[in-house]
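Participant: Coordinates for the following, if possible.
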Amino acid sequence: MKKSFTIHDLPTSERPRERLQKLGAEALSAQEILALILGRGIAGESVMVTAQRLLGEFGSLKGVAAASLEQLSHVKGIGLAKAAQIKAAFELGKRLATSVEGPRAVIRNASDAAALMMEELRHREQECLAAIFLDNFLSNSAAAWYPIPFKR
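Facilitator: This is a model prediction of the structure:
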């Protein structure tokens, strides 16, 4: 029986972790970044194959980000623990994109409001009502979004 391809079959210079160390994260493909998040594949199968399967199953990185824990865990090689790792990684990215360091955002017009809420609302599949609460100086003091239930 032939041994399947694993990450150790790649030359050291082509392995995702080593490429990240040498070239930086921005040089990695989505498949390589997912492989690093997952850590390891399944018996006899490279984590690179598992990462590619995820991208293929959901069509894109955006599709992987939008998938539920249940949907992710139905992919061969992805159990609940790895699905949780994937969801947590996307949540970190989202929080970074929406974090405000220093003074709070000042909302002077609709463009300012859109910029503040866009990352949170961009991937929602259901319409929702977004509210931005301002203090007396037009600084964002809180934001909230509420799903709008609808019947078909």
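Participant: residue closest to the middle of the chain?
Facilitator: Using Cα atoms, centre = their mean, the residue of the chain that lies closest to the mean C-alpha position is residue 90, 2.5 Å off.
Participant: So that one versus residue 70, what's the distance?
Facilitator: Using Cβ to Cβ, to the nearest Å, one gets 15 Å for the distance from residue 90 to residue 70. From N, CA and C alone the C-beta is placed, and that goes for glycine too.
Participant: Sticking with the residue nearest to the centre of the chain, tell me its helix or strand.
Facilitator: In the assignment (DSSP states H and E), residue 90 maps to helix 80-98.
Participant: export that helix as CSV, just CAs?
Facilitator: Output for helix 80-98, consisting of C-alpha atoms alone and laid out as CSV, is shown next (Å, rounded to 0.1, in the frame of the first residue of the first chain):
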residue,chain,number,x,y,z
LEU,A,80,-15.6,20.0,15.9
ALA,A,81,-12.2,21.1,17.4
LYS,A,82,-10.8,22.1,14.0
ALA,A,83,-14.0,23.8,13.0
ALA,A,84,-13.8,25.8,16.2
GLN,A,85,-10.2,26.8,15.4
ILE,A,86,-11.3,28.0,12.0
LYS,A,87,-14.2,30.0,13.4
ALA,A,88,-12.1,31.5,16.1
ALA,A,89,-9.4,32.6,13.6
PHE,A,90,-12.0,34.4,11.4
GLU,A,91,-13.5,36.0,14.5
LEU,A,92,-10.1,37.4,15.5
GLY,A,93,-9.7,38.9,12.0
LYS,A,94,-13.1,40.4,12.2
ARG,A,95,-12.4,41.9,15.7
LEU,A,96,-9.1,43.3,14.5
ALA,A,97,-10.8,44.9,11.5
THR,A,98,-13.4,46.5,13.7
